[in-house]
Each structure stands twice: as structure tokens, then as C-alpha cells.
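1. would you be able to build a 3D model of this:
(chains A and B)
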Amino acid sequence: MKTVAHVGAARLGLLLGGALSAAALLTGAASAATPRRPTLEVTVIHALHTDGGVSIDPRLKDLPPPVREPFVRYNVYKLLDTKNLPLEAGKPATNVLANGRTLQVTLVDAVADAGAPRFHVRAEIGEPGKQAFLKLLEVTASGNEPFFVGGQSYQGGTLLIELVVRP
Amino acid sequence: MSLSREMIIELMQLADGELEGDALERAEKLVASSDEARHAVERMRATDWGPWLEAEMLGRADAAGAGSIADAVMAKVEAATRLQQDRVVVSMPVGGVGRDRTSRRGPLVAAGFVLVSLAAGLALYIHATRSPSESEETPLASAGPSPRVDVAPSAVAQGAGASGVEVDEIDSPSHGVSVFEIPMGAAAVAGAGHAPSVVIWIEDEPGGSK
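-> From the prediction side, this is the model:
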């Protein structure tokens, strides 16, 4: 036989359950409405030309075989640094390179193209008190499409920077 | 004209008072016996004896048949001088001496033009006959040290659809810039089927950084 107290507890349980479910639904909806912020993956590579054979750090998965220009100029590729920088439109993301110069990348805009967004980014490489090495580079790429900026002299070789926008 | 060269010299010495002894006596006799010698001495003692002496010497040259040669030479020299003066006067208002130089370099300019034309033709021929594999190894766009590189549409590495990396603009003062298209992923080995990427290569001066 149910008492008044039993009935009250059951109703309270139902109310609490409903409230929790509603809260969970609202949270889910909110997270779905807020798009994930893209990040910029910056990989700094030291490329060298030596008398030995080809040696490529296995972590450099996007690096093509050094059989074409300009990669054919070097036979040793070492991973120096990898960073993930948050990309927000109009706000520059900064990374200090191994040679002391500063890489600054800004997301200009992201345009949806056939469902997949294309990211328009602006990059600069400079050094305080000196003329900019790279004053301006504007590139548009899809997510997970790497591109490279190379040529900076570094310890007998060159610095190669791989940039990938991760959606 | 009967006075010899030696006589004239002696009369000049007489006029200057430089003669003595037999030479003086001989000269005085000559002046006394010859009106021409007397006139000569008078002119020599006067201030304007130069024209007489000049006429006297030229007369001797004419007598020797040298006058026509000298006149011809002088006429040529004067004509050449006049021509040069005229040329400078005419060319200066237009373009100064440079215009005259240009006209003299006409054949040189024509030869240079022919050489440039030949070089351009050769470059076009090499470009037209180059194999596709060679072009794959060269950058899509390249520029020397310049303030700004506006990348041509050919410098866009495009794969199927909208994929591919597009380089819109590069500005690297004082550095040479090249853009290379590179196959990515499996395409790097197989040679097809994957969106290509790009390498933006900026020439750094040796020791340009740490």
C-alpha cells in the first residue's frame, strides 16, 4: 500500500529526472550550435644536405619524398618542433621559430565551398629590429591540406615550415 | 722680289742694330743701293712690320709652288672646323651630343636589335619544345628580390574540385621568391589522384638568421 510520502518521492524523482534530461538536451544543442574553432598546426623542420643517404624523421608524414624541387636539395629532414595554435578570424597566432624569427598567422576568413570550408590565412615571418623576411603571404587551403614555407638559412641547412589548418 | 732670305735676315738684324763690321757695311750698302731693301728696313723699324714680313714669306712660298698646297690644307681644316661647329649648334637644342652619338651608333643599334631578336626566338623555341617533365621541376612562379609578388593563376596548385592550395599573394622585400607545386600523399609516389600542395621558397642570405 502506497503512502502519501511514497507518492511524493516518486513525483520528485520524476521531476528531477526530467530536469536533468532537459539540461542535457540544452547543453547538447548549445555545443552543436557553436562550431569548433580551427587550429593551425605548425611543424618546423630542419633540412640539411649531407654526404650520407636520405634520412627523414618518421613523424614527418606529410613530407613528400625528396625527389623533386625544392626537397631534392636536401637529404636529411629533422623534426624540430610542432605546435597547434588556435585560429580565430582577425587574431594573429604567433610562434617563435628556432632561428629566432617569429611566425605570425592570421585567419582572414573561412568560406564554405561544397560543404568543406576553405581557410584564407595570412602569414608573416619577421625579426624584431630587422626587415621582415616574409612581409606577407596569403594562402587559401582546405582543412588538413598542408603547405610549406622554406628557404630560411639555419645551421648549415634550411628551415622548412609546414602549415596545416585543422578544422 | 730680289731680296734673298739671307738678305732679309741681315736687314732685320740691321733694323734691330745688331750688325757690326763687314756685315753692317754690307747691309748699309744694300739699303743705299736698293729701294726694296730700304723699304724693308723702314717697315721693320716701324711697329707694323709683321704684315710685310708675312707677305714677303708667303710670296716666297708661292714662288716655290707651296702656296696652293698650303691653301688647300688650310681650306680643308677650316671646312672641317666649320662643319663640326655647325653639327654641335644644330644638335644641342634637340638632344645635345647624345643625338649625334646615336646617329653614329646606328649600325651598332641595328646589330644589337638583331641579336636580341635572335635570342628571343631561341628562348621561344626552347620553351615550346621543352618536355612536360622538365616543367614539373621548375617553380610555378618565381621572382627576384622585389617588394611584392602578385602570384599568377598558374601558381595555384589545384587538384580536383575546390581542393588544392591557392597562393594569393607573396611579399618578401629583398628576397627572391619561388612557388613549387608538389604532389602530396600517395600522389607523391604514384604521381596522380591527390590534391597537390605548394612550397613557397624564399631565398635567404647566408647566415640570415641564427
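2. roughly how far apart are A:Leu40 and A:Leu97?
-> Computed as C-beta to C-beta, to the nearest Å, the A:Leu40 to A:Leu97 distance reads 14 Å. (Each C-beta comes from the backbone N, C-alpha and C, glycine too.)
3. same question, B:Val198
-> 20 Å.
4. ok, these two, which is more surrounded?
-> Neighbour comparison, B:Val198 and A:Leu97: the larger count goes to B:Val198, with 28 against 21 (by other C-beta atoms under 10 Å in any protein chain shown).
5. thought the more buried one was touching B:Val165?
-> Yes. Taking contacts as C-beta atoms under 8 Å, B:Val198 lies within contact range of B:Val165: 4.9 Å.
6. not counting sequence-adjacent ones, nearest residue to A:Ala98?
-> Excluding the flanking residues, the one nearest A:Ala98 by C-beta to C-beta, 6 or more residues apart in numbering or on different chains is A:Leu80, at 5.2 Å.
7. list the contacts for that neighbour?
-> Residues near A:Leu80 by C-beta atoms under 8 Å, 6 or more residues apart in numbering or on different chains: A:Val44, A:Ile45, A:His46, A:Ala98, A:Leu159.
8. which parts of chain A are strands?
-> Counting by DSSP state E, chain A has strands at residues A:39-48, A:55-56, A:76-86, A:93-96, A:102-113, A:116-126, A:134-142, A:147-154, A:157-166.
9. report the beta-bridge partners for the residue nearest the centre of chain A.
-> By C-alpha atoms, centre = their mean, chain A has its centre lying nearest to A:Leu40, at 2.3 Å. Using DSSP bridges, the beta-bridge partners of A:Leu40 come out as A:Leu85, A:Val165.
10. settle this for me: it is touching A:Arg166, isn't it.
-> Yes. With contact defined as C-beta under 8 Å, A:Leu40 counts as touching A:Arg166 (7.5 Å).
11. mind listing what's buried along the strand ranked longest in chain B?
-> Ranked by residue count, the top strand of chain B under DSSP E comes out as strand B:164-171. Buried residues in strand B:164-171, defined by neighbour count with 16 or more other C-beta atoms under 10 Å in any protein chain shown: B:Gly164, B:Val165, B:Glu166, B:Val167, B:Asp168, B:Ile170, B:Asp171.
12. so what pLDDT did the third one get?
-> Right, the one you point to is B:Glu166. Here, the pLDDT recorded for B:Glu166 equals 90.
13. and what of the last one?
-> Looking at B:Asp171, its pLDDT reads 91.
14. name whatever forms a beta bridge with it.
-> Bridge pairing for B:Asp171 - DSSP bridges - gives A:Leu136.
15. correct me, but it touches A:Lys135?
-> Yes. With contact defined as C-beta under 8 Å, B:Asp171 counts as touching A:Lys135 (4.3 Å).
16. domain parsing for chain A?
-> Domains of chain A are assigned by automatic domain parsing as A:1-34, A:39-166.
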